[in-house]
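Asker: Sequence plus the predicted model coming up.
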2 protein chains.
Amino acid sequence: MELTGSNLIDGTEHRSGVTVTRSVDPRTGEAFGPGFVDATDAEVAVAVRAAVDAAPAVRAAAPETLAALLEAIAAGLEALGNALVDTAVAETGLDAGRITGERARTCGQLRAFAEVALTGTHLGLRIDTADPTSTPPRPDLRRLQVPVGPVAVFGASNFPLAFSVPGGDTASALAAGCPVLAKAHPSHPATSELSGRVIAAAVADVGLPAGTFALLHGREPSVSRTLVGEPGLAAVGFTGSERAGRALYDLAAARPEPIPVFAEMGSLNPQFVTAGAIEERGEELASGLVASATLGTGQFCTKPGLVFVPDSTLGRAFEASVARAAAEVASTPLLNSGIATALRSRLDDLTAVAGVEVLHAGAVAEAAGSWASATVLATCDGVLRATPLLGEECFGPVTVLVRVPTWERLEALAGELDGSLTACVHAAAAEHDHLGVLLDRLSTRVGRVVLDQFPTGVSVSPAMQHGGPYPASTSAQHTSVGSAAIERFLRPVTYQNCPQPLLPAPLRDENPAGRWRLVDGQLTRDAVS
Amino acid sequence: MELTGSNLIDGTEHRSGVTVTRSVDPRTGEAFGPGFVDATDAEVAVAVRAAVDAAPAVRAAAPETLAALLEAIAAGLEALGNALVDTAVAETGLDAGRITGERARTCGQLRAFAEVALTGTHLGLRIDTADPTSTPPRPDLRRLQVPVGPVAVFGASNFPLAFSVPGGDTASALAAGCPVLAKAHPSHPATSELSGRVIAAAVADVGLPAGTFALLHGREPSVSRTLVGEPGLAAVGFTGSERAGRALYDLAAARPEPIPVFAEMGSLNPQFVTAGAIEERGEELASGLVASATLGTGQFCTKPGLVFVPDSTLGRAFEASVARAAAEVASTPLLNSGIATALRSRLDDLTAVAGVEVLHAGAVAEAAGSWASATVLATCDGVLRATPLLGEECFGPVTVLVRVPTWERLEALAGELDGSLTACVHAAAAEHDHLGVLLDRLSTRVGRVVLDQFPTGVSVSPAMQHGGPYPASTSAQHTSVGSAAIERFLRPVTYQNCPQPLLPAPLRDENPAGRWRLVDGQLTRDAVS
């Protein structure tokens, strides 16, 4: 597949802008491939207009059509073979095994949402039959979830497929019946164009309007601002930094007609390691922790960033184990030089804080390739509380151990933490009886509470929750991973007193697909009699 | 019950503020009863602190406790008997029949949410059992909805019970397990204190902390601003004007930690009357329309504000019928003098628009009592498009007929309307085949699409949707009426690899209550084996 660096808008290539981005291999710092041209304001407007015009057809598409679209995208990504893997590896520095796994995850996600579209589990069907005898009389009411309209998707640098152009946001928005405007991340524009061309081709293959999907390049933040400000846009999916996510959230909230921004942002993912866990499996915990914290060079939104350990001799032994495990981790590439620069600067600031010890100092290379190895810091809970910087996510292979003198202090800390995607408790079985308060408090601060496992590795399944109180997400009420992610791009509409032929098919009395529906307050797969 | 005009905070009466509001009977303009004292910033902070401190107990309360609380509130409102009805009538000018009906609706709502709390239908239970054979291996994941935390409720002037202190927002937030801070509407402070005392007593009766509920007075907008800015607050429920709702939304979005504002605001509730409907039942339609538009002196959020009629001889005959029906409607009280002043001003502005005809001129009295009778205006679709004022809700017994020359223009208009709570199509059965495009477009602009009925009268039932695209609501993804309203005050938390005893009871393998759960993607009431 020949890359042109164009924006893909309404079936046409557009490249009238002036700002150009090139792919850079972060392992070497060398640029390669074509120049990717930022979309102009006019091009963004054309793309949104095309999406608005396409929306009725996407909304009206048969479930089979949407499922076929998602299946075709998955097949198309697979058909790209090594070209896609090699490009993503070269743009991200992530290894081929990881990218191959991420492609499988991405295709699995697309197929899972095809299944959701087919079975209609997202439709939230509710039927209240008319009850003329009630006071006041109740009319016939039938409610279902409908697509919100055009969705802008802002991909992340750290998952060039699974959380980028062909990722969960795009898959769930299309499954919901919404056109998608995908903003390519400037850290992997070639991977984005490859994926974007697959999606555009799949849209054409299933006979949906070309406006159903657009790929927009934008190194300059102004492109994102223009996109979020477009009146035709209905919602935003975003994965990335707190700074960028908040900026989009603020823009969307200030629109004449505000729209929701589902931003999944930074997260500290605190770990709580008990004395019992250290006694039982200290070495295993230390190596597991370091493996989790350095996975993908620590560039995971679920990276364990804070680790609470007992302030005791036992705790110090665990710290030493962590430092030893960190020393064994080789330097691996960072996603881009900007992340390397930010990481070095953050490490300088963190190590300058009085009361922060360096247990193991990693290296950060910025010139001629961006690489980093693991850093382990340690401090006490007093310094943590007094130092806002320690409460901010540090993107990269850095983890901070925090010594806590008593269990009561640990429980208090748990309730004070900023919102995170996850929190993990590592305890011995004999300690479980004492975890009630800790788990209850953590449940108010995070979206996923984990026992005796690490937070990295986010299953794509119905019970997943990937989202948490701010600043983990701008909407803690939603998830960006798992089948429930589709709820972000739906809203309910009720039909009152509507004759059968005029009702959307899933709300008619007959229920040939045997869908679950809440009929007069009872879940059933039966037809309405 | 003796009224004191105090703020009810953490089981204590507070009245250290300086701004005082008195009840006014809008039928006469006369003040009565005690002075109600605006909460000070310090009192607001104390109330939110108490709510934050109460939150763990409310969150942990057994479903039976929450249900008992809601039942006790309903019983308490009923036990107030005529005192409550008389007070609400005197503060709102609404008649005793209406208030009695509204109390029944309010108590029905409270009991419906008690049932939701008991059965746990709002918990959204999902269980993915561990699958070590999948790639990557899937851990045990169990997801449920948990309360968001303290909720501020801003009641509306037009429903002193059902959308105020003891209304649907309070009922659904308490059922969800959230403490509530209710801001009394200054147009009915005595009704608010009566209701608030019932709720505070019920909280004490069921043994929940006093911080579970607070009643705050605030004639000055600064009280609302202070409340929404409190860091401990988790969400806001609001019913009222677009101006006030948007102001709270903007404040909440600008917080360091933004919180959701579920504001149900203005709405035009467009009506589409076809030629066939006029031929079939023109007189009945005209009188039904006027009855709906003047119900509660036109002070309903679902009042039909715009009526599209054929620009034809037949349409003119229908207009004349509407004007005749309006002439027969007696003048009735408005809620307060502020609404009377705003209504008179708006009518002056509307009637000054070139191209707006007065089909029937109502009267608005402001001095010594606030009363209004029905006004019917008429214009054409070109003037509507060119006049933003015609697209804004006019609170009061005013409806605007809009002449549309062709069906195609009507369909085009349907897609261009601002968001509304509802839209109604009045057609003859023979015309149903032609309604597809119109209904599809309306479904993108409203939350409830109604066939051959009027929008006023909002059933409290599972399939109700009371919320729509902005400016009808700040979140079109939620409803403020019906059992789904509880979703506003919940967020999902997933437990990963959590031993049975540490799981919240509804997520354990056993399922003694027989709750519906999505287990490995299948809905079932069975235990997990």
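Answerer: Structure received. Numbers count the residues shown, from 1 in each chain, chains lettered A, B, ... in the order given.

Asker: what about the closest residue to A:Leu268 other than its chain neighbours, distance to chain B?
Answerer: Excluding its sequence neighbours, the residue lying closest to A:Leu268 (Cβ to Cβ, 6 or more residues apart in numbering or on different chains) is A:Gly305, at 4.2 Å. To be clear about C-beta, it is placed using only N, CA and C from the backbone, and glycine gets the same treatment. Shown here: A:Gly305 relative to chain B, a distance of 18 Å by Cβ to the nearest Cβ, to the nearest Å.

Asker: Repeat that for A:Ile127.
Answerer: Counting by Cβ to the nearest Cβ, the gap from A:Ile127 to chain B is 6 Å.

Asker: and whichever strand or helix holds that residue, what does it pack onto?
Answerer: Using DSSP states H and E, A:Ile127 falls within strand A:126-128. In this structure, strand A:126-128 packs against strand A:141-147, strand A:517-519, with contacts taken as 3 or more Cβ pairs under 8 Å, 6 or more residues apart in numbering or on different chains; DSSP states H and E.

Asker: Figure out how far the strand or helix carrying A:Ala423 is from the centre of its chain.
Answerer: Secondary structure from DSSP H and E places A:Ala423 in strand A:420-426. From the chain centre to the centre of strand A:420-426 is a distance of 17 Å (Cα atoms, centre = their mean, to the nearest Å).

Asker: Close to chain B: what parts of the stretch 151-300 of chain A are there?
Answerer: Counting by Cβ under 8 Å from any Cβ of the partner chain, the stretch 151-300 of chain A comes close to chain B at A:Tyr249, A:Asp250, A:Ala253, A:Ala254, A:Glu257, A:Pro258, A:Pro260.

Asker: Including neighbour count and secondary structure, could those go into TSV?
Answerer: Below are those laid out as TSV (neighbours: other Cβ atoms under 10 Å in any protein chain shown; DSSP: H, G, I helix; E, B strand; the rest coil):
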residue	neighbour count	secondary structure
A:Tyr249	25	helix
A:Asp250	15	helix
A:Ala253	20	helix
A:Ala254	13	coil
A:Glu257	13	coil
A:Pro258	20	coil
A:Pro260	25	coil
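
Asker: Let me have those in TSV, adding pLDDT as columns.
Answerer: Output for those, formatted as TSV (pLDDT from 0 to 100):
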residue	pLDDT
A:Tyr249	98
A:Asp250	98
A:Ala253	98
A:Ala254	98
A:Glu257	97
A:Pro258	98
A:Pro260	98
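
Asker: Please tabulate those residues in CSV, including the columns distance to A:Thr129.
Answerer: Formatted as CSV, those follow (distance: Cβ to Cβ, whole Å):
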residue, distance to A:Thr129
A:Tyr249, 41
A:Asp250, 45
A:Ala253, 39
A:Ala254, 43
A:Glu257, 35
A:Pro258, 36
A:Pro260, 32
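
Asker: before we move on, the earlier item: listing partners with orientation, what would you give for the strand holding A:Ile127?
Answerer: Here strand A:126-128 has these sheet partners by DSSP bridges: strand A:141-147 (antiparallel), strand A:517-519 (parallel).

Asker: Point out the other helices and strands that the helix or strand containing A:Leu384 packs with.
Answerer: A:Leu384 is part of helix A:381-386 when elements are defined by DSSP H and E. Here helix A:381-386 touches strand A:398-404, helix A:407-416, going by 3+ Cβ pairs under 8 Å, 6+ apart.

Asker: Pick the most buried one from the ones you listed.
Answerer: strand A:398-404 (a mean of 24; mean count of other Cβ atoms under 10 Å in any protein chain shown).

Asker: Figure out how far the helix holding A:Leu384 is from the centre of its chain.
Answerer: 30 Å.

Asker: burial of the nearest residue to A:Gly207 once chain neighbours are set aside, as a residue count?
Answerer: Distances taken as Cβ to Cβ, 6+ apart place A:Thr65 nearest to A:Gly207, at 7.3 Å, with adjacent residues excluded. Neighbour count for A:Thr65, taken as other Cβ atoms under 10 Å in any protein chain shown: 17.

Asker: where's A:Thr65, which helix or strand?
Answerer: Counting by DSSP H and E, A:Thr65 is found in helix A:63-79.

Asker: Around chain B, which positions in the stretch 301-450 of chain A sit nearby?
Answerer: A:419, A:429, A:432-433, A:435-436, A:439-440, A:443-444, A:446-450.

Asker: quick one on the thing from earlier: now distance to B:Glu279 too, for the helices and strands packed on strand A:126-128, in a markdown table please.
Answerer: Putting the helices and strands packed on strand A:126-128 into a markdown table (distance: least, Cβ to Cβ, whole Å) gives the following:
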| stretch | distance to B:Glu279 |
| --- | --- |
| strand A:141-147 | 28 |
| strand A:517-519 | 36 |
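
Asker: so who does the residue nearest to A:Gly207 touch?
Answerer: For A:Thr65, the contacting residues are A:Val206, A:Gly207, A:Leu208, by Cβ atoms under 8 Å, 6 or more residues apart in numbering or on different chains.

Asker: now swap in A:Leu3 and tell me
Answerer: A:Gly33, A:Pro34, A:Ala190, A:Glu193, A:Leu194.

Asker: can you do 7 Å?
Answerer: Contact partners of A:Leu3, counting by Cβ atoms under 7 Å, 6 or more residues apart in numbering or on different chains, are A:Gly33, A:Pro34, A:Ala190, A:Glu193.

Asker: again, but for A:Gln500
Answerer: Going by Cβ under 7 Å, 6+ apart, A:Gln500 touches A:Arg508, A:Asp509.
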